[in-house]
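> below are the sequence and a predicted model for it; my questions follow.
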Amino acid sequence: MNSTSDASIVHHCLTIRGHAGAIYAMEHDGRFLYSAAADKFVTRWDLASGTQDKFAIKFEDVPYCLAFLRNNSLLVVGTNSGKLHVFDLETRTEIKCFHQHKTALFNITVNKVNKQFYTADADGNISVWCSETLGLLLSIPLNCGKIRRMVLDEKEAFLYIAAQSGHILQVDTQYFNLILTFDAHHGGATAIYLDSQNNVLYSGGKDAFLKCWDLTNGKLLHSLPAHNFVIYDILALSEDLLATVSRDKSIKIWNKKVLQVIEKVDAFKQGHHHSVNQLVYLGDKKFATCSDDKTIRVFSY
């Protein structure tokens, strides 16, 4: 699609500046957007104005991942040293700091059904924590290399893991047994999105391919070169639209059913100037992206 076309699906709404380093992760609580960056800050932004809220946390290490617990009253932050910090957002105090992991934490995934959350590190280890007591329940060495992404199915009975080994692993969340392995991406699997309604899994990797899998049997349904470099995140915007972001600095919007590119958003369309690291859905047909260019950008569609 022509970048100047009036028929563009995606429209730039807001650019947020304030971080002094690459932005690696975001979480949205319905009002505020939290971001973690290489400047060693987790910062909170008011999306109505695009300005920084008074809430900010300075770390000794670089924060890589974020998640909310207990109806968004707690914020969990994983860092490049492997430390796991837990903050009470009402009192604005740190209530726990764990040293379970010895290498960088790249993902935190919350299971509300089981009242658990999972942390994953650069050595391929997953820790299972109780969301209520914040106690460690289980440590699982998967020996699959760096784990960048994890997602749960709709019933939160299965956890899907994107691994540096190139595999996507499916484990159950009751006994944490390995159920299924997808031989997915050359060089490493880096992004996954689960469409429970259609029983398919979308994955992206260092090979820059976007793939679609049948979850009933692990069969590959679609495979195509999607970006010029590694795909870092995948998000469904609607029943028909899928978004991907990449180290190639672009955001791509896809027809979800046939995996055909509808639109490419880059610097010429008020997109990013460096690697795009994450997508977050904001509701009301809006999403946010963050980048190594130190900005957060909000788009409508």
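Thanks, I have the structure now.

> contacts for stretch 173-188?
Identification of contacts with stretch 173-188 by CB atoms under 8 Å, 6 or more residues apart in numbering yields 111, 114, 116, 128, 138, 140, 145-146, 148, 152, 156-159, 162-172, 201, 203-207, 209, 211, 213, 218, 230. Glycine gets a C-beta too; all of them are placed from N, C-alpha and C.

> filter those down to the buried ones.
For the contacts of stretch 173-188, a neighbour count by 16 or more other CB atoms under 10 Å gives the buried set as 111, 114, 116, 128, 140, 145-146, 148, 152, 158-159, 162-171, 201, 203-207, 209, 211, 213, 218, 230.

> so which of those residues sit within strands?
The strands, defined by DSSP state E, take in 111, 116, 128, 140, 148, 152, 158-159, 162-163, 167-171, 201, 203-205, 209, 211, 213 from the buried ones among the contacts of stretch 173-188.

> do a quick rundown of the strands in the stretch 1-150 of the chain.
Secondary structure of the stretch 1-150 of the chain (DSSP state E, counting those that start in this stretch): strands at 11-17, 23-28, 32-37, 41-46, 51-58, 63-69, 74-79, 84-88, 93-98, 105-111, 116-121, 125-130, 136-141, 147-152.

> paired strands for the last one, with orientation please.
Note on strand 147-152: by DSSP bridges, its sheet partners are strand 158-163 (antiparallel).

> tell me the mean pLDDT for the strand it pairs with?
Per-residue pLDDT over strand 158-163 has a mean of 98.

> and it, how far from the chain's centre?
Distance of strand 158-163 from the chain centroid (CA atoms, centre = their mean, to the nearest Å) equals 13 Å.

> between that strand and strand 125-130, how big is the angle?
Strand 158-163 and strand 125-130 are oriented at 150 degrees to each other (axes from the mean of the first three to the mean of the last three CA atoms, to 10 degrees).

> let the chain start at 41 from now.
Sure, I'll start numbering at 41, so the last one becomes strand 198-203.

> need the contact partners of strand 198-203.
Counting by CB under 8 Å, 6+ apart, residues outside strand 198-203 touching it are 149, 151, 158, 160, 164, 166, 182, 184-193, 208-213, 216, 219, 224, 228-232, 234, 241, 243, 245.

> dump the residue contacts of residue 50.
Residue 50 is in contact with 291, 293, 303, 305, 309, 339-341, counting by CB under 8 Å, 6+ apart.

> same question for residue 177.
Neighbours of residue 177 in contact, by CB under 8 Å, 6+ apart: 156, 168-170.

> between the residues you listed, which is closest to residue 110?
Nearest to residue 110 among those: residue 170, at 11.4 Å, using CB to CB.

> hang on, the closest one packs against residue 155?
Yes - taking CB atoms under 8 Å as the definition, residue 170 is a contact partner of residue 155 at 6.6 Å.

> so which residues of the stretch 191-340 of the chain form strands?
Using DSSP E, counting those that start in this stretch, strands in the stretch 191-340 of the chain cover 198-203, 207-212, 218-223, 229-235, 240-245, 249-254, 260-265, 271-276, 281-286, 291-295, 300-305, 316-323, 326-331, 335-340.

> now distance to residue 139 too, for those strands, in JSON lines please.
Converted to JSON lines, the strands of the stretch 191-340 of the chain look like this (distance: least, CB to CB, whole Å):
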{"stretch": "strand 198-203", "distance to residue 139": "22"}
{"stretch": "strand 207-212", "distance to residue 139": "24"}
{"stretch": "strand 218-223", "distance to residue 139": "27"}
{"stretch": "strand 229-235", "distance to residue 139": "26"}
{"stretch": "strand 240-245", "distance to residue 139": "31"}
{"stretch": "strand 249-254", "distance to residue 139": "36"}
{"stretch": "strand 260-265", "distance to residue 139": "40"}
{"stretch": "strand 271-276", "distance to residue 139": "27"}
{"stretch": "strand 281-286", "distance to residue 139": "31"}
{"stretch": "strand 291-295", "distance to residue 139": "36"}
{"stretch": "strand 300-305", "distance to residue 139": "40"}
{"stretch": "strand 316-323", "distance to residue 139": "25"}
{"stretch": "strand 326-331", "distance to residue 139": "27"}
{"stretch": "strand 335-340", "distance to residue 139": "30"}
